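In: give the three-dimensional model of this entry:
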Amino acid sequence: MQRNILEYMEETVQRFPDKLAFANESMGMSFREVSQAARSIGTCLARRGYRREPVVIFMNRHPHMITAFWGVVYSGCFYVPIDEEMPRFRVELIFQNLQPRVVICDSTTKSQLEEFEDFHGEALLYDEISRYPAEDAVLAEIRDRAIDTDPIYIVFTSGSTGIPKGVVACHRSVIDYVDNLTEVLGVTEESVFANQTPLYFDACLKELFSSLKCGATTYLTPRQLFMFPVKLVEFLNEYKINTICWVVSALTMISSMKTFRTVVPKYLHTVAFGSEVFPIKQFRLWREVLPDARFLNLYGPTEATGMSCYYEVDRDFADDEAIPIGCPFHNTEILLLDENDRVPAQGDPGEICIRGTALTLGYYNNEEKTDEAFVQNPLNPHYHELIYRTGDIGRLNERGELMFISRKDYQIKHMGHRIELGEIEVQVNRIEGVRSACCIYDKEKEKILLFYVGEATVQDLVAGLKKALPRYMIPNHTYALEQMPLTANGKIDRNGLKQIYDEKKRRK
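Out: Next up is the predicted model:
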């Protein structure tokens, strides 16, 4: 029985030692090169006394960063990816949660790291530790003591209090996920992926771990290309990309800009998408261009190791229909629970809850939030069994397929990212001249709307947010109010804000 994700690489490097594993536009690494560098990093960390603790990887998005992931796992530690473009404030919050003793960086990020006042640990340069002499005996001793519930990584999601939450995944949950995903996608050594998401999100697991398991190749797509759809498709053709797992907004950006009149993706045969509802009109444009390709809708939260359900599109849909999220992966069960924690009638909505091996270990250094989300299965009174409450509302259609309806609370999916509006509000309230603030989301237009009361100008407010939040969390529209609408019990009236916004739209 497989117990460690590194077994994927160790088997693959025997079969395809010189095959390209991970690459960007300027360089690539074979599986042999990745394996050798990872074993060196693992040995170095172990020799320096780091075991079973978080190791932050603060690097530019690069094949070296991916290799550092596996090196940390070889050491018996768990990696925490940090993007070099993350706002400093967010990174500092993550560091406060982790209190890491060591960070792996590159020459660019090392200078940024030196500015963090709260970090007093050791900074290790990738270029140096990747050449450290690997020691088989050291790595074997670490592996002998490892079990499949040991952590692999922590990825941070938005928190409703403004504090990011670190989701901890283990070998067993990731192995279960990767085995299911590669089977559903039909990944082989012939698969060539184009990674779209930042490496600090769990979404990149689709490409990285699939390549590791099957001997496929992953190219890191340059971020700037997602602003130029023609160049983006040309990139796919240049590198003969045949499989993509992208958020819907990236796909609709291409189709809505009439890109296919200029260039079409010649090699794509598998298109997986998720995180958002795919507008049917845009989806049809993709199917018309790629009539022989497979299209798969994926659904799942970070807390259940990425994706939990899939639906392979096998029929046409009307303009007012939504593509199902289908059925769960093997060894995963989806429960729908109503407000009374009972199974709703066929077709009625309920909260999507997940049980199975894919559940992660919870939130790092946050027992309270973990206990709120990972709870006893209310349908099982006989023994201890955890389920994860996603906060998503779904229902079963007449075919028995799971349909996504909406979020239960104010957590949103925007531009492929899961965002807590409260995290944005916390940052707004930190800005000088802001007395109160509230965000709502226009689902139809896919816009984050910010309302605030205070003396700060809209320009100053937006400028302040750009220093504290990632680009995808910056509100699309910001409105200054004389006073905030309140409910009878003194809380901000979000429905009142929606009415204000609707009125502003009517006046345009």
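
In: separation between the nearest residue to residue 37 once chain neighbours are set aside and residue 315?
Out: Nearest residue to residue 37 in three dimensions, chain neighbours excluded: residue 130, at 4.2 Å (Cβ to Cβ, 6 or more residues apart in numbering). For every residue, glycine as well, the C-beta is placed using N, CA and C. Distance, residue 130 to residue 315, by Cβ to Cβ, to the nearest Å: 49 Å.

In: these two: which is more packed in?
Out: Neighbours were counted for residue 130 and for residue 315 using other Cβ atoms under 10 Å; residue 130 has more, 21 against 7.

In: check contacts around that one.
Out: 37, 40, 41, 64, 67, 68, 71 (Cβ atoms under 8 Å, 6 or more residues apart in numbering).

In: buried stuff in the longest helix along the chain?
Out: Counting residues, the longest helix found in the chain (DSSP state H) is helix 31-47. Neighbour-count burial for helix 31-47, counted by 16 or more other Cβ atoms under 10 Å, picks out 31, 33-46.

In: what residues of stretch 458-470 count as buried?
Out: So, applying 16+ other Cβ under 10 Å, buried residues of stretch 458-470: 461, 464, 465, 468, 469, 470.

In: looking at these, which are in helices?
Out: 461, 464, 465, 468.

In: now tell me what touches the helix or strand in which residue 231 is found from outside.
Out: In the assignment (DSSP states H and E), residue 231 maps to helix 229-238. Outside helix 229-238, the residues that touch it by Cβ under 8 Å, 6+ apart are 194, 221-222, 225-226, 241, 244, 253-254, 257, 259, 262-268.

In: elements contacting the next helix or strand after that helix?
Out: Downstream of helix 229-238, the first helix or strand assigned by DSSP H and E is strand 243-247. Packing partners of strand 243-247 (3 or more Cβ pairs under 8 Å, 6 or more residues apart in numbering; DSSP states H and E): strand 192-195, strand 270-274.

In: export these to CSV and tack on distance to residue 290, mean pLDDT and mean neighbour count?
Out: As requested, those are exported to CSV (distance: least, Cβ to Cβ, whole Å; pLDDT from 0 to 100; neighbours: other Cβ atoms under 10 Å):
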stretch, distance to residue 290, mean pLDDT, mean neighbour count
strand 192-195, 15, 97, 24
strand 270-274, 7, 95, 22
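
In: now these in CSV, with distance to residue 53?
Out: Putting the helices and strands packed on strand 243-247 into CSV (distance: least, Cβ to Cβ, whole Å) gives the following:
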stretch, distance to residue 53
strand 192-195, 27
strand 270-274, 32
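
In: residues in contact with residue 52?
Out: Counting by Cβ under 8 Å, 6+ apart, residue 52 has contacts 76, 77, 78, 150.

In: cutoff 10 Å now
Out: Contacts here follow Cβ atoms under 10 Å, 6 or more residues apart in numbering; on that basis residue 52 touches 75, 76, 77, 78, 142, 145, 146, 150, 151.

In: those in strands, which ones?
Out: 78, 151 (DSSP state E).

In: quick revisit: buried ones in the helix holding residue 231?
Out: Residues of helix 229-238 classed as buried by neighbour count (16+ other Cβ under 10 Å): 229, 230, 232, 233, 234, 235, 236.

In: looks like residue 228 contacts residue 257 (just checking).
Out: Yes: applying Cβ atoms under 10 Å, one finds residue 228 in contact with residue 257, separated by 9.3 Å.

In: sorry, back to before: would you list the ones in helices among the buried residues of stretch 458-470 in JSON lines and tack on pLDDT and distance to residue 498?
Out: JSON lines is the format used below for those (pLDDT from 0 to 100; distance: Cβ to Cβ, whole Å):
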{"residue": "461", "pLDDT": "90", "distance to residue 498": "20"}
{"residue": "464", "pLDDT": "90", "distance to residue 498": "25"}
{"residue": "465", "pLDDT": "92", "distance to residue 498": "21"}
{"residue": "468", "pLDDT": "86", "distance to residue 498": "25"}
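
In: now the strands for the stretch 201-350 of the chain?
Out: Secondary structure of the stretch 201-350 of the chain (DSSP state E, counting those that start in this stretch): strands at 217-220, 243-247, 270-274, 294-299, 309-312, 327-328, 332-337, 350-356.

In: among those, which comes closest to residue 170?
Out: strand 350-356 (13.4 Å; Cβ to Cβ).

In: which secondary structure elements does that closest one contact?
Out: Strand 350-356 sits against strand 327-328, strand 332-337, strand 386-396, strand 402-407, with contacts defined as 3 or more Cβ pairs under 10 Å, 6 or more residues apart in numbering; DSSP states H and E.

In: swap the cut-off to 7 Å and go again
Out: Counting contacts by 3 or more Cβ pairs under 7 Å, 6 or more residues apart in numbering; DSSP states H and E, strand 350-356 is packed against strand 332-337, strand 386-396.

In: is residue 322 in contact with residue 277, as I believe?
Out: Yes: between residue 322 and residue 277 a contact is recorded at 5.7 Å, counting by Cβ atoms under 7 Å.

In: out of the helices and strands packed on strand 243-247, which comes closest to residue 5?
Out: Of all the helices and strands packed on strand 243-247, strand 192-195 comes closest under Cβ to Cβ, at 17.4 Å.

In: and the closest one, what does it pack against?
Out: Right, strand 192-195 is packed against helix 205-214, strand 217-220, strand 243-247 by 3+ Cβ pairs under 7 Å, 6+ apart.

In: could these go into TSV alongside mean pLDDT and mean neighbour count?
Out: Formatted as TSV, the helices and strands packed on strand 192-195 follow (pLDDT from 0 to 100; neighbours: other Cβ atoms under 10 Å):
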stretch	mean pLDDT	mean neighbour count
helix 205-214	96	25
strand 217-220	98	25
strand 243-247	94	24
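
In: in JSON lines, list these along with distance to residue 338.
Out: JSON lines is the format used below for those (distance: least, Cβ to Cβ, whole Å):
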{"stretch": "helix 205-214", "distance to residue 338": "32"}
{"stretch": "strand 217-220", "distance to residue 338": "41"}
{"stretch": "strand 243-247", "distance to residue 338": "30"}
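
In: between those, which one is nearest to residue 15?
Out: Across those, the minimum distance to residue 15, taken as Cβ to Cβ, is reached by helix 205-214, at 9.8 Å.

In: just to revisit the earlier point, any idea of the mean pLDDT for the helix or strand just after the longest helix of the chain?
Out: With elements assigned by DSSP H and E, the helix or strand that comes after helix 31-47 is strand 54-59. Strand 54-59 comes out with an average pLDDT of 97.

In: could I get the CA-only coordinates of strand 54-59 as PDB?
Out: Taking Å, rounded to 0.1, in the frame of the first residue of the first chain, the C-alpha atoms of strand 54-59 are listed here in PDB:
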ATOM      1  CA  PRO A  54       6.400  23.900   8.600                       C
ATOM      2  CA  VAL A  55       9.000  25.000   6.100                       C
ATOM      3  CA  VAL A  56       8.000  28.200   4.200                       C
ATOM      4  CA  ILE A  57       8.900  28.300   0.500                       C
ATOM      5  CA  PHE A  58       9.100  31.900  -0.400                       C
ATOM      6  CA  MET A  59      10.200  31.900  -4.100                       C
END
